[in-house]
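# whatever this is, show me its structure:
(one chain, ligands or ions: 1)
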Amino acid sequence: MSEHEELNVVLCAPRGFCAGVDRAIQIVEIALEKYGAPVYVRHEIVHNRFVVASLEARGAIFVEELEEIEANDRPVIFSAHGVPKEVKADAAARNFFFLDATCPLVSKVHKEAELHHRRGRDIILIGHAGHPEVVGTMGQLPEGAVTLVETARDVTRLVPRDPDNLAWISQTTLSVDDTRTIVTALTDRFPGIVGPHKDDICYATTNRQEAVKSVAAECDAMIIVGAPNSSNSQRLREVAISAGCRNARLIQRASEVDVTSYGRIRTLGITAGASAPEALVEEVLEAFAAHYRLNISTARTADETIEFALPRQLRGTRPPVPSLTATGMT
Ligand code: SF4
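The predicted structure follows:
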């Protein structure tokens, strides 16, 4: 590769922060401003080390379980992924003041699950075992009320108590296409199963996948900026590959990319998962700009205007500046 060879860079849009992530980060920032440091956050507020480190630097302390919190006079924040009911009950029993940063679109799935349960239906949840959102959704109901399926093959193995009284729900950050396949398997096997109108995959996941699909076939390589434990970021890499870009990589930061290994590619697509700040996309652009003459364009497949209200306790408080969500990083 000669230096300063031309490289077409296609930036997918929408990419990066979604309304649920934006809200969750603001909750931590405003809590720090309003109540002072430290504030405790159960689990990574969103799945991104850069975001977590920035909030740690301002006084947030991240824990995995409530028993790790020694003081009970500091606010405790639950992450955007949601928590099982027993975690909230535990926090109340410990007299913690807690703020819930669960994305409202995850809370909506929790409510669907409760409604089906009240109507006596057994629930099939389409999702990934062990993901905190799945743990939180299953934890809204008594053990045994929700059965997890990850693949269409799992559907063939289901032995429901009453096959005529079933409902399905899904994780919000799945592959749209894979989920459709699983839903088809469910409805083929259990024609009476009820579910959401389309699925529970959120607008941000859907839009980011659509944008990747629109450019993947024309890209010699794609970079997805996001964390390995970020479900929606992992799905973007899979979507890029299945839509025709064989060289698709998920990276956390520009330092993970060996730009010289890309050689004579003509078109590079770039996107970012819903928990990745735009600053990390800019880092990647800078890394490539050091070796290529960049010809940057944007492939936009949707406009996003969704915003979610803050929890009641924080309304009316202005986010501090500089903010991860208010400095052009969105
Ligand atoms: Fe909410 Fe979707 Fe963002 Fe998750 S990815 S926080 S469900 S908007």
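
# rest of the way, CA atoms for contacts and neighbours
Will do.

# was I right to think residue 22 contacts residue 310?
No. Contact criterion CA atoms under 8 Å: residue 22 and residue 310 do not qualify, at 10.3 Å.

# what helix or strand does residue 207 sit in?
Taking DSSP states H and E as the definition, residue 207 sits inside helix 203-216.

# among residue 22 and residue 310, which residue is more densely surrounded?
residue 22 (22 against 18; other CA atoms under 10 Å).

# the more buried one: what's its closest spatial neighbour, skipping adjacent residues?
residue 325 (6.0 Å; CA to CA, 6 or more residues apart in numbering).

# and that neighbour, how many neighbours?
The number of residues packed near residue 325 is 20, by other CA under 10 Å.

# elements contacting the helix holding residue 207?
In terms of contacts (3 or more CA pairs under 8 Å, 6 or more residues apart in numbering; DSSP states H and E), helix 203-216 is packed against strand 5-13, helix 231-242, strand 267-272, strand 292-300.

# okay, buried residues for it please.
203-213, 215-216 (16 or more other CA atoms under 10 Å).

# any chance of the residues you listed in a markdown table, with pLDDT and distance to the ligand too?
Formatted as a markdown table, these follow (pLDDT from 0 to 100; distance: CA to the nearest ligand atom, whole Å):
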| residue | pLDDT | distance to the ligand |
| --- | --- | --- |
| 203 | 98 | 6 |
| 204 | 98 | 5 |
| 205 | 97 | 6 |
| 206 | 98 | 9 |
| 207 | 98 | 10 |
| 208 | 98 | 10 |
| 209 | 98 | 11 |
| 210 | 98 | 14 |
| 211 | 98 | 15 |
| 212 | 98 | 15 |
| 213 | 98 | 18 |
| 215 | 98 | 21 |
| 216 | 98 | 21 |
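
# and stretch 167-185, end to end?
Criterion CA to CA, to the nearest Å; first-to-last residue distance in stretch 167-185 is 13 Å.

# what residues does that stretch touch?
The set of residues external to stretch 167-185 that reach it, using CA atoms under 8 Å, 6 or more residues apart in numbering, is 105-106, 109, 112-113, 116, 121-128, 133-134, 151-152, 155-156, 193-196, 199-202, 205-206, 209, 231-232, 235-236, 239.

# same question, stretch 263-275
Contacts for stretch 263-275 (CA under 8 Å, 6+ apart): 1, 6-13, 15-18, 21, 46-48, 204-205, 208, 212, 215-216, 218-227, 230, 232-233, 236, 278, 281.

# list buried residues within these.
Looks like those have 6-13, 15-18, 21, 46-48, 204-205, 208, 212, 215-216, 218-227, 230, 232-233, 236, 278, 281 buried, using 16+ other CA under 10 Å.

# tell me who's in contact with residue 145.
117, 122-123.

# ok, 10 Å please
By CA atoms under 10 Å, 6 or more residues apart in numbering, residue 145 lies in contact with 113-114, 116-117, 120-124, 138-139.

# confidence score at the residue in the stretch 1-150 of the chain that the ligand sits nearest to?
The nearest approach of the stretch 1-150 of the chain to the ligand comes at residue 20, 3.7 Å away (CA to the nearest ligand atom). Note on residue 20: pLDDT of 98.

# perfect, I'm done here.
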